[in-house]
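Novice: Mind folding the following:
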Amino acid sequence: MPKEIGKRPSGRPSDEALYRFRVVCDVLAHEKRGQQRAEAVASVVLDPPVSLSGDPHSGKERTVYRWLAAFEKDQIAGLEPRSHGRALSSVVLSAELLAYVAAQKQEDVRASLPELVKRARETGILSEREPVDRTTLYRACLRMGIPVERRKGANARDSRRFAYAHRMEMLLSDGKHFRAGTSRAKRLAMFFLDDASRLGHDVVVGPSESTQLFLRGLYQTTQIHGLSGITYLDRGTGFISNDTVAVVGQLPSLLIHGEKRYPEGHGKIEKFNQTVRDAVLRYLDGRPDVDPDCGALELRLRHWLHHTYNHTPHESLDGLTPWQRFSTDERPLRMPESLLALRERFVITLRRRVSADHVLSVAKTLYEAPRGMAGSVATVHRQVLDGSVRVLFQGRLVKLLPVDLSANAHARRHRHGTAPAADPAPIHVKSAADLSFERDFAPIVDADGGYSDPEDKE
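Specialist: This is a model prediction of the structure:
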């Protein structure tokens, strides 16, 4: 039997000890009403008291039994939470690895555990064949007090996970913002990822997200790895334009836009974004040896994608690398007929009316058309890869240039009737000079070949 319940230890008990005391009191109250301890504990676990935060306790029966034993031994002082010292070692992991992880976390707190394991292998602390379980390392860091970032839980959504079994059945693409160089220039890297194998196809870099940047990466990916069955995108500005929809439909490929503000719906590309951020992108900010030029950054990121990421074992692929999974897939690739045929699928045909001053508008840009097309409806061919515009005129495609208003302001205007004929017809009328010449140098013989008499002429 317990001692006097109302007796309290010296000093104010903690909130957790007070809550445990309330649970113990409920169990003892059930016992006083004639219930057995097992029945009383089960009743309290089913209907526990509410804590100060308003949440019910989620403890199990074995926990309540432990609290009862502690209370019967030391009263409310025995209900105080025990402080467990942090373990500074691990039975499985080496002390050298734990010390290295702790030191690296002090210098780079946002570095992921897989990144630290790779660094340890590169520096020789771990051998290439020495296995390290990420969960074991994570728990060791928690015990040692090493800061480990946690992902926020996703809100409850009516969604289902999916995964395609073969390569190029679905193509994933997304852009990631970052800064590069000492100028901290804003850049965006757009990656293209295979859903089944996680293979990184390609990456393109630009100052911001745009349709032309995405279509350039899509063209390079299709040129090397063929056509995909489905193209899965989010609702970014470069993905929802009419040009993107038209080109994907002409490839042909199905186009799916993910749910807005729901990154968990396309978690594979989001997880890849975290990987590329922690492994490459955040190390480009502020470095003097990093060229912020988009072409230079594209070359740097493409090297990491093709030579490092694609050949790193992936947990979701049962330890295979993305390249091994992609190259051993038996599904044949759908390659384009030719590069010329592929480029033609990135051409959009439009109908535009030419104004009286032979000008037409394409994508909010004015182009100067041939003068013979004024007032007509023209068929315009716009190449979305380079933005060039051509129009069908007199049986051939003529490239158009934007209107140069400044040059037109100083150019001489054409006047009707002043232009000479291209091939003037021969003139058979005699001029005054011809008549004067014939009079002074008349022939000395007539048409019959005889001599003429000068007196007859007078």
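
Novice: List the buried residues in stretch 393-408.
Specialist: 393, 400, 403 (16 or more other C-beta atoms under 10 Å). C-beta: built from backbone N, CA, C; applies to glycine.

Novice: Confirm that the second one lies within a helix, as I assumed.
Specialist: To tie it back to what came earlier, the one meant is Leu400. No: according to DSSP: H, G, I helix; E, B strand; the rest coil, Leu400 belongs to no helix; its state is strand.

Novice: roughly how far apart are it and Arg352?
Specialist: Counting by C-beta to C-beta, to the nearest Å, the gap from Leu400 to Arg352 is 10 Å.

Novice: Next, count neighbours for Leu339.
Specialist: Neighbours of Leu339 under the rule other C-beta atoms under 10 Å: 10.

Novice: ditto for the one 10 residues further on
Specialist: The burial count assigned to Thr349 is 10, neighbours taken as other C-beta under 10 Å.

Novice: Could you look up the SS state of it?
Specialist: Here Thr349 is strand, with the state taken from three-state DSSP.

Novice: Let me see the contact set for it.
Specialist: Applying C-beta atoms under 8 Å, 6 or more residues apart in numbering to Thr349 gives the contacts 379-382.

Novice: Show the residue spans covered by the strands in the chain.
Specialist: All strands of the chain, identified by DSSP state E, fall at 170-180, 185-194, 200-206, 230-233, 254-257, 347-353, 359-362, 365-368, 377-383, 389-393, 396-402.

Novice: which of those strands is buried the deepest?
Specialist: When the strands of the chain are scored by mean count of other C-beta atoms under 10 Å, the highest mean neighbour count falls to strand 200-206 (a mean of 24).

Novice: Run the angle between that strand and strand 185-194 for me.
Specialist: 160 degrees (axes from the mean of the first three to the mean of the last three C-alpha atoms, to 10 degrees).

Novice: Give the other helices and strands that strand 200-206 contacts.
Specialist: Applying 3 or more C-beta pairs under 8 Å, 6 or more residues apart in numbering; DSSP states H and E, one finds that strand 200-206 contacts strand 185-194, helix 211-225, helix 294-307.

Novice: That one: how far from the chain's middle?
Specialist: Taking C-alpha atoms, centre = their mean, to the nearest Å, one finds strand 200-206 lying 9 Å from the centre of the chain it belongs to.

Novice: Partner strands of that strand, with direction?
Specialist: With DSSP bridges as the test, strand 200-206 is paired with strand 185-194 (antiparallel).

Novice: Kindly provide the whole-number mean pLDDT of the strand it pairs with.
Specialist: Regarding strand 185-194, the rounded mean pLDDT is 96.

Novice: quick one: contacts for the most centrally placed residue in the chain?
Specialist: With distances taken as C-alpha atoms, centre = their mean, Asp174 lies nearest the centre of the chain, 1.8 Å away. Counting by C-beta under 8 Å, 6+ apart, Asp174 makes contact with 190-191, 233-234, 236, 266, 269-270, 272-273.

Novice: Report the two members of these separated by the largest distance.
Specialist: Gly236 and Phe272 (15.6 Å; C-beta to C-beta).

Novice: Select only the buried ones of the contacts of Asp174 in ChimeraX?
Specialist: Here is the ChimeraX command that selects the buried residues among the contacts of Asp174 (16+ other C-beta under 10 Å):
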select :190,191,233,234,236,266,269,272,273
